[in-house]
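Visitor: Okay, predicted coordinates and the sequence, questions at the end:
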Protein chains: 2
Amino acid sequence: MPGKEKILEVRRIIEPYAHRTPVMTCTTLDTRSGSRLVFKCENFQKGGAFKFRGASHAVMTLPETIASRGVATHSSGNHAQALALAARMRGIEARIVMPENAPKNKIDAVESYGGIIRFCKPTLADREATLQKVINEYGCGEIHPYNDYRIIAGQATVSAELIEDSVQLDCLVAPVGGGGLLSGCILGARYFSPRTLVYGAEPEKANDAWQSFRQKRLIPADKPQTIADGLRTSLGSLTFPIIRDGATDILTTTEEGIIEAMKLIWEYMKVVVEPSAAVPLAAILEHPGMFAGKRTGIILSGGNADLFRLPWLEQQGGVH
Amino acid sequence: MPGKEKILEVRRIIEPYAHRTPVMTCTTLDTRSGSRLVFKCENFQKGGAFKFRGASHAVMTLPETIASRGVATHSSGNHAQALALAARMRGIEARIVMPENAPKNKIDAVESYGGIIRFCKPTLADREATLQKVINEYGCGEIHPYNDYRIIAGQATVSAELIEDSVQLDCLVAPVGGGGLLSGCILGARYFSPRTLVYGAEPEKANDAWQSFRQKRLIPADKPQTIADGLRTSLGSLTFPIIRDGATDILTTTEEGIIEAMKLIWEYMKVVVEPSAAVPLAAILEHPGMFAGKRTGIILSGGNADLFRLPWLEQQGGVH
């Protein structure tokens, strides 16, 4: 499991490639939530999401013998873009297994970064089988989207920076899909701000982390249908134990709450976030007592929204 | 006309109230434009636009005898919000004359900041007549949206900060409506970076500044119909001479170009800007040779877009 020194080393490794993203505050959202919110803007990260941190760490530290045969992964989107971009920066190939129902804007972005896509069925089993085929065929290095300590250590740099750029945080809320970001945030807080409580935020309709946390065993997601497409994945064997032992709680949110929080962020902060990135604010607004008066860090995990499909327009059935 | 010392003084006066907004860069938009772009993010300013700088300067320096009777203005939107917010910060009333066709999101925002709205017909004549009635009735201090040296000096702080936060700029491009921002940018560049060329960017369909600059006399806008609702106003008697003598050129843009530039900024920078704020990038993309290889500052003037009416969705006739 990555320790304090490893996370500091990763910060130095990715520093030439990744943005040190800004933190923002918003008076209107403080009033709405009753909390004192500090937003870490990973939507401004290279590739449009925090995923570039883990991906660039893994790609840049890969031994040349493996790197020369390229890297491969399966991903619903943002890790795919991040890996393609990191691979292009190192001058190697990235082969990406993507579910055939991935959002078109994310498919286009992977291709624009030079990633080579192989489509699969939208099940974990077919993703893994297809990836294994690709790896057997090309001999490339697998870089899993979250169940990999190189990735977890990369994502830990998000919370390390946020902690450095904020007044003492009482709480930190990160979205949880596969758990790479949340487990990284837990480790970052443990080493750099041990008094900060770390919460995961998850859609009710993809509540595998909530179930796993409560039952203290890894329960995979069962056909998740949430609008937060980045959070449909299940926890992994490496991320689950860190979350089980280190998270304060997992909070779930409604789909309506996610859409409302996403719109609030666009409207009042003037930043574009994708639905997954709005889940922490949604969780705070749906559990107001828990964060009242607290200084609360929020990870705005990504900004790769489809600008032709805004959920608050689809909700009301079209443009008015 | 505000001099160097005045602009420095205004920075100190507004510093407790206004954000020092960040500058951003974007590799994708550098590639698209062939220029090296530095964006000054006034969409993140209080009230969602640069207008708060001039408004807060004027409100905070108003003598108490006038301030106690409140302030008043006519505005198509962002100055109205800014004045309402600045007045609330000082604890005085703001009476806002708005055209009855102003965007609903801007009307709502003025009301949310406590502004008291009086609607008028969407002509300059009726705006001015209605405002005069309000002033006669309440004895409040008029704070014009742009034709006022207190306002021009406030807007000059945008370029002063941008120049301070950038490597030497070759050019600077600001949108031009009434000319408060552009004339402020000209003065800021004159005092803090005299080698920087300052351009105005304006919709073809509201090209009064382009005409006035060429003919060297003030020509009012004639029923402008552009999507860039912040740029439908005409130059004023104080802003025109500064622009006539100090602008390098006024560049015009098509409506399609404005919509495309707005979408590019949302998609690649992950920031929400309103149509008026996209006009400088549109001008650069429509005049590529002029900015090739140059380090070019762009003022993203505001972010108060209507999230229910995205122009690239309306263009194609609805949500797909």
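Guide: Sure thing, it's come through.
Visitor: Contacts only, for A:Asn43.
Guide: By CB atoms under 8 Å, 6 or more residues apart in numbering or on different chains, A:Asn43 lies in contact with A:Ala49, A:Val271, A:Val272, A:Val273, A:Glu274, A:Ala277, A:Leu300, A:Ser301, A:Gly302, A:Gly303, B:Lys270. Backbone N, C-alpha and C define where each C-beta goes, glycine included.
Visitor: Now the stretch 1-150 of chain A against chain B: closest residue?
Guide: Nearest to chain B in the stretch 1-150 of chain A, going by CB to the nearest CB, is A:Asn43, at a distance of 4.6 Å.
Visitor: Which residue is the nearest non-sequential neighbour of that residue?
Guide: Closest residue to A:Asn43 apart from its sequence neighbours, by CB to CB, 6 or more residues apart in numbering or on different chains: A:Gly303 at 2.9 Å.
Visitor: Enumerate every residue touching A:Arg36.
Guide: So A:Arg36 contacts A:Thr25, A:Asp30, A:Gly293, A:Lys294, A:Arg295, A:Thr296 (CB under 8 Å, 6+ apart).
Visitor: Sorry, slip of the keys, the one I care about is A:Ile242.
Guide: Neighbouring residues of A:Ile242 by CB under 8 Å, 6+ apart: A:Met1, A:Ile152, A:Gly179, A:Ser183, A:Ile186, A:Leu187.
Visitor: now swap in A:Gly115 and tell me
Guide: A:Ala80, A:Gln81, A:Leu83, A:Ala84, A:Ala87, A:Ala94, A:Arg95, A:Ile96.
Visitor: Of the residues you listed, which are in range of chain B?
Guide: On the criterion CB under 8 Å from any CB of the partner chain, none of the entries of the contacts of A:Gly115 sits beside chain B.
Visitor: Same list, those residues, but as TSV with neighbour count and pLDDT please.
Guide: Formatted as TSV, the contacts of A:Gly115 follow (neighbours: other CB atoms under 10 Å in any protein chain shown; pLDDT from 0 to 100):
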residue	neighbour count	pLDDT
A:Ala80	29	94
A:Gln81	31	93
A:Leu83	30	97
A:Ala84	29	97
A:Ala87	28	98
A:Ala94	28	97
A:Arg95	25	97
A:Ile96	28	96
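Visitor: which pair in these spans the largest distance?
Guide: The two members of the contacts of A:Gly115 with the most space between them (CB to CB) are A:Gln81 and A:Arg95, at 13.7 Å.
Visitor: can you list the residues of chain A near chain B?
Guide: Contact residues (CB under 8 Å from any CB) of chain A with chain B: A:22, A:24, A:43-44, A:48, A:263, A:266-267, A:269-273, A:303, A:307-310, A:312-314, A:318-320.
Visitor: which SS state does the closest residue to A:Glu111 other than its chain neighbours fall under?
Guide: Spatial nearest neighbour of A:Glu111, excluding adjacent residues (CB to CB, 6+ apart): A:Ile117 at 6.7 Å. Following DSSP: H, G, I helix; E, B strand; the rest coil, the label given to A:Ile117 is strand.
Visitor: And the contacts of A:Ile242, which is the shakiest by pLDDT?
Guide: Within those, A:Met1 has the lowest pLDDT, namely 94.
Visitor: Show me where chain A dips below the pLDDT cut-off.
Guide: A:316-320 (pLDDT under 70).
Visitor: per-domain residue ranges of it.
Guide: Residue ranges for the domains of chain A, per automatic domain parsing: A:4-49+A:148-315, A:52-142.
Visitor: what's the spacing between the shortest one and its chain's center?
Guide: Read that as domain A:52-142. Here the centre of domain A:52-142 is set off from its chain's centre by 16 Å, with CA atoms, centre = their mean, to the nearest Å.
Visitor: correct me, but A:Gly184 touches A:Gly154?
Guide: Yes - using CB atoms under 8 Å, A:Gly184 is in contact with A:Gly154, at 7.2 Å.
Visitor: related to what we said a few turns ago, so which of the contacts of A:Gly115 belong to helices?
Guide: A:Ala80, A:Gln81, A:Leu83, A:Ala84, A:Ala87 (DSSP state H).
Visitor: State the distance from the fourth one to A:Ile107.
Guide: By that I understand A:Ala84. 11 Å (CB to CB, to the nearest Å).
Visitor: Give the residues shared as contacts by A:Gly184 and A:Gly154.
Guide: What both A:Gly184 and A:Gly154 touch, as defined by CB under 8 Å, 6+ apart, is the set A:Gly54.
Visitor: what about the closest residue in space to A:Arg190 that isn't next to it in sequence, neighbour count?
Guide: The shortest distance from A:Arg190 to any non-neighbouring residue, by CB to CB, 6+ apart, is to A:Gly246 (6.5 Å). Neighbours of A:Gly246 under the rule other CB atoms under 10 Å in any protein chain shown: 15.
Visitor: Phi first, then psi, for A:Gly246.
Guide: phi -120, psi -20 (degrees, to the nearest 10).
Visitor: That one contacts A:Gly184, doesn't it?
Guide: No - checked against CB under 8 Å, the pair A:Gly246 and A:Gly184 is beyond contact range at 10.6 Å.
Visitor: Looking at chain A, which helix is longest?
Guide: Max-length helix for chain A by DSSP H is helix A:149-165.
Visitor: any chance you could map the strands in chain A?
Guide: Using DSSP state E, the strands of chain A run over A:23-24, A:36-41, A:71-74, A:94-99, A:116-120, A:141-142, A:171-175, A:197-203, A:249-253, A:295-300.
Visitor: still on that earlier bit, what is the longest helix of chain A packed up against?
Guide: Judged by 3 or more CB pairs under 8 Å, 6 or more residues apart in numbering or on different chains; DSSP states H and E, helix A:149-165 is in contact with helix A:4-14, strand A:36-41, helix A:51-60, strand A:171-175, helix A:180-192, strand A:295-300.
Visitor: quick revisit: now restrict the residues of chain A next to chain B to buried residues only.
Guide: A:24, A:43-44, A:48, A:263, A:266-267, A:269-273, A:303, A:310, A:313 (16 or more other CB atoms under 10 Å in any protein chain shown).
Visitor: show me the contacts for the residue of the stretch 151-300 of chain A found nearest chain B.
Guide: Residue nearest to chain B within the stretch 151-300 of chain A (CB to the nearest CB): A:Lys270, separated by 3.5 Å. Contacts here follow CB under 8 Å, 6+ apart; on that basis A:Lys270 touches B:Asn43, B:Phe44, B:Gly48, B:Val271, B:Val272, B:Val273, B:Gly303.
Visitor: With distance to A:Ile259 as added columns, please give the residues you listed in CSV.
Guide: Formatted as CSV, these follow (distance: CB to CB, whole Å):
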residue, distance to A:Ile259
B:Asn43, 22
B:Phe44, 23
B:Gly48, 21
B:Val271, 20
B:Val272, 16
B:Val273, 22
B:Gly303, 20
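Visitor: A:Gly303 against A:Val271, yeah?
Guide: Yes - with contact defined as CB under 8 Å, A:Gly303 counts as touching A:Val271 (7.0 Å).
Visitor: Are there residues contacting both of the two? Which ones?
Guide: Common neighbours of A:Gly303 and A:Val271 (CB under 8 Å, 6+ apart) are A:Asn43, A:Phe44, B:Lys270.
Visitor: What backbone torsions are found at the residue of the stretch 151-300 of chain A closest to chain B?
Guide: phi 60, psi 30.
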